[in-house]
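Q: give me a 3D structure for the following:
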Amino acid sequence: MFFNKPKAKYNIVNDIDDDVVNLFQIVLNRKDELIELFTMMPVHETLLRFWMVNTETDPMKSALRFLFLSNFTLYGKQDTINYGQRNAKLIGIENISKTFEFIKDVQFYCGDFRKFFVVVNNVDRDKTFVYADPPYLNTVHTYKMDDWTEQDYIDLLDTMVNFGSRFAMSEFDNPFILEQAKTRGLYVNVIGNRRSLENRNTEILITNYRQTKTFGFTQL
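A: I've put the predicted structure just below:
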């Protein structure tokens, strides 16, 4: 979402996964070195098996590991190399430079959302927009954290409501999430269906404001 919307004057991005934030920092500060090493990095099963069970402490190697597992494995599941016509390495190299241009003036934070909202407490709420994209409830994911609980979603919604700015949160339309939105008087915008190998879900966007332009959304 962040890379596909117009940038605001000031942009602050938070992700609790330190692999994500580390990659952004490497792109910002060591872009050319990252491109060179990423270009030379071999793509084979031996390296995949090693990085499936081993992490890296060096920031550059950690960034390369994250790029390998994210870009060269089937569906990003980090267990099978995706062999096909798509040149993932060439696309990755091109995207590193594009990413640098987009994030060179962005501030990054790596932590729990509860702490993040304390850190940005002094922003102008009337001019601030918050977008939250948490792990979707009851879905399989590969984040480096325990699965989110229903309480985490309750805390997130309450934190954003109390923060006082406009906000939006992505989710699927499971009954618990819909009930939490209804309880707080929030708007539920249907984005559309998302289909995976296992199932099919309806993706929604929960907001604390009514859309003036629906952009293809259906409001409930």
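
Q: which residue of this structure sits farthest from its center?
A: Distance to the chain centre peaks in the chain at residue 46, reaching 28.2 Å (criterion: CA atoms, centre = their mean).

Q: residues of the host helix or strand of that residue that come out buried?
A: Residue 46 is part of helix 45-53 when elements are defined by DSSP states H and E. Applying a neighbour-count criterion of 16 or more other CB atoms under 10 Å, the buried positions in helix 45-53 are 47, 48, 51. In short, each C-beta sits where N, CA and C put it, glycine included.

Q: do I have it right that residue 208 meets residue 189?
A: No - between residue 208 and residue 189 no contact is recorded; they are 11.6 Å apart, counting by CB atoms under 8 Å.

Q: any idea which residue sits dead centre in this structure?
A: The geometric centre of the chain, computed from its C-alpha atoms, lies nearest to residue 133 (CA atoms, centre = their mean), at 6.2 Å.

Q: tell me the bridge partners for the closest residue to that one other than its chain neighbours.
A: If you skip the residues right next to it in sequence, residue 133 has residue 170 as its closest partner in space, 4.9 Å away by CB to CB, 6 or more residues apart in numbering. Beta-bridge pairing for residue 170 (DSSP bridges): residue 205.

Q: does residue 170 touch residue 207 like I think?
A: No - counting by CB under 8 Å, residue 170 stays clear of residue 207, with 10.5 Å between them.

Q: picking up where we left off before, need phi/psi at the residue nearest to the centre of the chain.
A: When quoted as degrees, to the nearest 10, the phi and psi of residue 133 stand at phi -130, psi 70.

Q: can you pull the contacts of it?
A: Residue 133 makes contact with 1, 169, 170 under the criterion CB atoms under 8 Å, 6 or more residues apart in numbering.
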